[in-house]
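# predicted model and sequence follow; I will ask about them next.
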Amino acid sequence: MRRAFVLAVLMLAFAATARADGIWIDHRTAVLRGLDKVTARVSVIEAGVDGTAKFGALEISVRACRKRPPEDTPEAAVYLVIREAKGGQTAELFKGWMFASSPALSAMEHAVYDVWVVDCKVPSKSAKSG
């Protein structure tokens, strides 16, 4: 019940701050952060749209990376598919949009790993993408 209330409040907050024209700019690279709760190690993960990055036992596929224009309230949204490879099999853990400004709005639930969105960017020549 509490989670539903929090989601409703956050959705109203997004609606209140969104521009009437709803402009989002597509980007080609997602910047994520991953936390390994066992080692307490935080990693920066960059993955290109339609690419896959590995983080521990996770395979993170980016399907879309969108960002608000610079004159708007900062926001990045990434559509992710996160799978865990275990024992030769793969299990889907998360599929959906994650928002940089509200990581708890749509979070991946896992005992060992946390993944959240930091930003979207156009890949530089030195950046590795999935």
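Sure thing, it's come through.
# tell me the first helix or strand C-terminal of the helix or strand of the chain with the lowest mean pLDDT.
Lowest on mean pLDDT, DSSP states H and E among the helices and strands of the chain sits helix 2-17, with a mean of 50. Using DSSP states H and E, the helix or strand that follows helix 2-17 in sequence is strand 25-26.
# report all helices and strands that whichever helix or strand comes after that following strand contacts.
Sequence-wise, the next helix or strand downstream of strand 25-26 (DSSP H and E) is strand 29-36. Here strand 29-36 touches strand 41-48, strand 58-67, strand 76-86, strand 113-121, going by 3 or more Cβ pairs under 8 Å, 6 or more residues apart in numbering; DSSP states H and E. Glycine gets a C-beta too; all of them are placed from N, C-alpha and C.
# now with 6 Å?
strand 41-48, strand 113-121 (3 or more Cβ pairs under 6 Å, 6 or more residues apart in numbering; DSSP states H and E).
# find me the pLDDT at the nearest residue in space to residue 66 that is not next to it in sequence, would you?
Leaving out its chain neighbours, the residue that sits closest to residue 66 by Cβ to Cβ, 6 or more residues apart in numbering is residue 24, at 4.1 Å. We have a pLDDT of 92 for residue 24.
# count of residues packed around residue 24?
18 (other Cβ atoms under 10 Å).
# swap in residue 88?
5.
# repeat that for the one 4 residues further on.
Neighbour count of residue 92, defined by other Cβ under 10 Å: 10.
# need the contact list for the nearest residue to it once chain neighbours are set aside.
Excluding its sequence neighbours, the residue lying closest to residue 92 (Cβ to Cβ, 6+ apart) is residue 83, at 5.2 Å. The contact partners of residue 83, by Cβ atoms under 6 Å, 6 or more residues apart in numbering, come to 59, 90, 92.
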